[in-house]
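Asks: need a 3D model of the sequence below.
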Amino acid sequence: KFLRTALKELVLICSDQPGLLGPKALFVFMGLCFSRDEIYWLLRHNENPPPRQGKVKLQEDLVDRYLPELLFHMEELRSLVRKYSQVIQRYYVQYLAGYDAVALAQMIQNTAVTSEEDNVLLSSICQKISELSVDNVEDPDHVFDFLGLRLDWGRLQSYLSSGKNPVLAQQKDLAALLNTVSFHTRMVDNLDEMIIETSD
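Replies: Here you go, the predicted structure:
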């Protein structure tokens, strides 16, 4: 009941104030994940109920008469994300260019990364996100593609985590910031896949 109520409130808030979809996107996707997991749990345990222990009535725990309502709220939330995808994109483009790029540039200056190759990868990530503009979101011909940036971050993780002296273990702030940047880029160029990943 808690999950259903929380999802209903999230749908009501986001439909009333669609501008909140940007800053609350993580909560939206968390709600969709929790709902999906709840449905999977019910389906799995309904098909294969655990063995009875004593006089416990398991069938009551495995039947949810309000499951269609949960599915309805999930679908409403998914349609809100699709409908207002440009709002989410605009928010995260501004966030990437206005905060993430500045924070990453400062961190690059203060970080002693081992090789020139690592510095080149970090600088290219920083440059790519600092060049973003809201005009790109409003341009119908512009297609965002940050897959290369996320792959560069994956490469950088492997370079900095290997060897006798793993640099990434000492640079936890850098790793946290780049993971956040990776998530923010997915909010810009990969929303449909995020919806499928969290609620299909």
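Asks: mind listing the helices for this structure?
Replies: Counting by DSSP state H, the chain has helices at residues 2-16, 25-47, 58-62, 67-83, 85-95, 101-110, 116-130, 134-138, 147-161, 167-170, 172-189, 191-199.
Asks: most tightly packed of these?
Replies: Greatest average neighbour count among the helices of the chain goes to helix 85-95 (a mean of 20), per mean count of other Cβ atoms under 10 Å. All C-beta spots, glycine's among them, are computed from the backbone N, C-alpha and C.
Asks: could you export the helices of the chain as JSON lines, including mean pLDDT?
Replies: Below are those laid out as JSON lines (pLDDT from 0 to 100):
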{"stretch": "helix 2-16", "mean pLDDT": "90"}
{"stretch": "helix 25-47", "mean pLDDT": "86"}
{"stretch": "helix 58-62", "mean pLDDT": "59"}
{"stretch": "helix 67-83", "mean pLDDT": "90"}
{"stretch": "helix 85-95", "mean pLDDT": "92"}
{"stretch": "helix 101-110", "mean pLDDT": "88"}
{"stretch": "helix 116-130", "mean pLDDT": "86"}
{"stretch": "helix 134-138", "mean pLDDT": "83"}
{"stretch": "helix 147-161", "mean pLDDT": "87"}
{"stretch": "helix 167-170", "mean pLDDT": "75"}
{"stretch": "helix 172-189", "mean pLDDT": "91"}
{"stretch": "helix 191-199", "mean pLDDT": "88"}
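Asks: got the contact list for stretch 173-190?
Replies: 25-26, 88-89, 91-93, 95-96, 100, 103-104, 107, 111, 125, 129, 143-147, 149-150, 153, 156-157, 168, 193-194 (Cβ atoms under 8 Å, 6 or more residues apart in numbering).
Asks: run the last query once more with 7 Å
Replies: With contact meaning Cβ atoms under 7 Å, 6 or more residues apart in numbering, stretch 173-190 is reached by 25, 88-89, 92-93, 95-96, 100, 103-104, 107, 111, 129, 144-146, 149-150, 153, 168, 194.
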